[in-house]
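Chemist: no FASTA, just this:
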């Protein structure tokens, strides 16, 4: 067994303990110990305590694992599919190769995030128990980054070590409600959720969300398992302002609608990033998708008919963030990589391939040199007017209780029924 | 497999019951049992206790994904009330797959045991060969073969046999996938018990003026029953808890219980206790079903 850096856990503080006691209904401890059998069971049950939630307040910055970046020139990066520039055979990333050459750091790149929930469900228990997940950078969406920061399972970053990030991060992203001052997370890419479809196979233009629910597309539509996107788009089409004040009623109305479309056979599957497979295999020809994926698909399949559009009622905008797990011992290596990707020339190279919104100041000018058309693309460098004109919104931040409630509703009504 | 060991009265867990009369020898017996007992204790009993503990935990208010120790039996209540249809569906699909696998496997095993001659080894390799590739990859391959623009769906559509126009993402594809994936588990035990059969006994059936069918019904089938029983259990038990076939080949509506457990573990923040309760309920339900099944068709020599 390799020694695992451990994060010290504070014992349950009194208010939390009181909260826990208040919330626990059912049998009392005395009732449990009443019979011999129950006592045996009780002994077994007390044997394995789940980790406690972190106490409020900042991360114990002095309690971080020792950084061994200088001795071990390695870095393991978990990312989503179609999210980094690739060479023709899709075996290597030119920018990543250049980084390895320049720094001598060996980077392991894993396209293993299919959706936020399933990824954090896999690594969360280990991180909360202070165990290594063998990843030094993980890439997750804003709302999930918020949860990781709240759970104190990501390391604070040394912004002073990353001059490119400090200098080139787009002004609106320099602060985030979930991570004041961007102390724990650096934006990787942003993107839109809207309608992706194959113009030739569909045979017409899709302009609104309702265009998806027609008999000729029955059973050939996939939607995202990320409820902020799929339910968000449906709510927008139902006239809800998803950035501001809405509640359970509006959310459930959207879910009922989606449930109905599944039952009637219009929606074939609800999927994570693997929806790309259904589009490639031809099982689906349209769906609620992410912007960059569709451009990558058009390139990969050499089929320019793949089209991405924002429905008339609006689309969503989200950002994914690079973070360093609390147990990583290669934070400095990770920071070098983050800083490298904030070099405008490198960022432009990535953006030219992934076609997502580039968070780097100066990348647009660099893009002019690579492909002037892409430099004008609103999908990569959207203007404020473009966002406003198309009613592009960000799903409002949910508090912890809503987070659980809505994920539950989504799971029971839409995902697993 | 664990359920199997349980039903068979698992000797490893009850060393006392197996205590022999000869005292001098008993140490050897214990020593021989030690690896098995340790294995079961570490990899079966311990996780089971952990799972039982999780299944009674409660969500920590305000912290998605955190739990505290509790005796929250409502997890079981919600497992039973909210997901009863999923249990029923799982057992139905697993039952269908078991039946279909039996229908395919028995003639195959029979042919291998009695008719194959010099082809026997080759047939055996063909049955085992799929194991050289991962279960997930093979199922994934089926999702490609059955895809809308593949030839299978093309031919079936040409014959107007598909009401929805597609075969993948239907329950038929799921049952077919389960049947395919667990077929070797049915073939091998049946083959083993048929292969052991004394051909003279079967011959004697003919000598006593029984026709082919009667001989089969009264001699061959009873001889192979231990294999059939083992095969059906080895197919039904994992098929009932499977989620891969449904995930890759199944529809969005009408999930199996394995998918619900997977979803509760991975997609619902705070879903661990219900997922654990569902796992326990599934285990209990399978144990009961298997127990009834063995009581009805039971035999001394299960394996």
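Modeler: Arrived safely. Because the structure is a prediction, the values reported are computed rather than measured.

Chemist: in the chain, which spans are strands?
Modeler: No chain in the question, so chain A it is. A:74-80, A:106-113, A:137-141, A:186-198, A:221-224, A:267-271, A:286-290, A:306-309, A:315-323, A:392-393 (DSSP state E).

Chemist: try chain B instead
Modeler: Using DSSP E, strands in chain B cover B:58-59, B:67-68.

Chemist: okay, those strands in a markdown table with distance to residue A:116, mean pLDDT and mean neighbour count next?
Modeler: All C-beta spots, glycine's among them, are computed from the backbone N, C-alpha and C. Shown next, in a markdown table, are the strands of chain B (distance: least, C-beta to C-beta, whole Å; pLDDT from 0 to 100; neighbours: other C-beta atoms under 10 Å in any protein chain shown):
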| stretch | distance to residue A:116 | mean pLDDT | mean neighbour count |
| --- | --- | --- | --- |
| strand B:58-59 | 19 | 89 | 21 |
| strand B:67-68 | 20 | 88 | 24 |
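
Chemist: which residues are contacting stretch B:56-66?
Modeler: The contact list for stretch B:56-66 (C-beta atoms under 8 Å, 6 or more residues apart in numbering or on different chains) reads A:19-20, A:23-24, A:45, A:50-53, A:120-121, A:124-125, A:128, A:147, A:150-151, A:400-401, A:403-404, A:407, B:67-73, B:75, B:269-270, B:272-273, B:276-277.

Chemist: just the buried residues of those.
Modeler: A:19-20, A:24, A:45, A:50-53, A:120-121, A:124-125, A:128, A:147, A:150-151, A:400, A:403-404, A:407, B:67-72, B:75, B:269-270, B:272-273, B:276-277 (16 or more other C-beta atoms under 10 Å in any protein chain shown).

Chemist: helices - which of those land there?
Modeler: Among those, the members falling in helices are A:19-20, A:45, A:120-121, A:124-125, A:128, A:147, A:150, A:400, A:403-404, A:407, B:75, B:272-273, B:276-277 (criterion: DSSP state H).

Chemist: just for chain A, where's the confidence low?
Modeler: For chain A, the stretches with pLDDT under 70 are A:1-48, A:55-62, A:90, A:417.

Chemist: remind me, longest helix of it?
Modeler: From DSSP H, the single longest helix across chain A is helix A:248-263.

Chemist: in that one, what's buried?
Modeler: Buried, per 16+ other C-beta under 10 Å, within helix A:248-263: A:250-251, A:254-255, A:257-259, A:261-262.

Chemist: what's the answer for stretch B:164-184, then?
Modeler: B:166-171, B:173-184.

Chemist: from these, which are also near chain A?
Modeler: The subset of those within reach of chain A, by C-beta under 8 Å from any C-beta of the partner chain, is B:166, B:168-169.

Chemist: by pLDDT, give me the weakest of those residues.
Modeler: Of all those, residue B:166 carries the smallest pLDDT score, 87.

Chemist: can you tell me which residues contact the closest residue to that one other than its chain neighbours?
Modeler: Excluding the flanking residues, the one nearest residue B:166 by C-beta to C-beta, 6 or more residues apart in numbering or on different chains is residue B:148, at 5.1 Å. Contact partners of residue B:148, counting by C-beta under 8 Å, 6+ apart, are A:220, A:281-283, B:165-166, B:168.

Chemist: identify the farthest-apart pair in those.
Modeler: A:281 and B:165 (14.8 Å; C-beta to C-beta).

Chemist: follow-up on the earlier one: could you list which of the ones next to chain A among the buried residues of stretch B:164-184 belong to helices?
Modeler: Among those, no member lies in helices (by DSSP H).

Chemist: mind putting the residues you listed in TSV, distance to residue B:200 included?
Modeler: What follows is those, written out as TSV (distance: C-beta to C-beta, whole Å):
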residue	distance to residue B:200
B:166	53
B:168	49
B:169	52
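
Chemist: for these, which one is nearest residue B:79?
Modeler: For these, the nearest to residue B:79 is residue B:169 (26.5 Å; C-beta to C-beta).

Chemist: wait, isn't the closest one in contact with residue A:283?
Modeler: Yes. Here residue B:169 reaches residue A:283: they are 7.2 Å apart, a contact under C-beta atoms under 8 Å.

Chemist: which neighbours do these two have in common?
Modeler: With C-beta under 8 Å, 6+ apart as the test, residue B:169 and residue A:283 both reach A:268-269.

Chemist: chain A contacts on the stretch 51-200 of chain B?
Modeler: So far as C-beta under 8 Å from any C-beta goes, the stretch 51-200 of chain B lies against chain A at B:52-54, B:56-74, B:82, B:143-144, B:147-149, B:164-166, B:168-169.

Chemist: now, which of the buried residues of helix A:248-263 sits nearest residue A:357?
Modeler: residue A:254 (24.7 Å).

Chemist: so what's the residue of the stretch 151-300 of chain A found nearest chain B closest to, chain neighbours aside?
Modeler: Residue of the stretch 151-300 of chain A nearest chain B, by C-beta to the nearest C-beta: residue A:282 (3.8 Å). The shortest distance from residue A:282 to any non-neighbouring residue, by C-beta to C-beta, 6+ apart, is to residue B:149 (3.8 Å).
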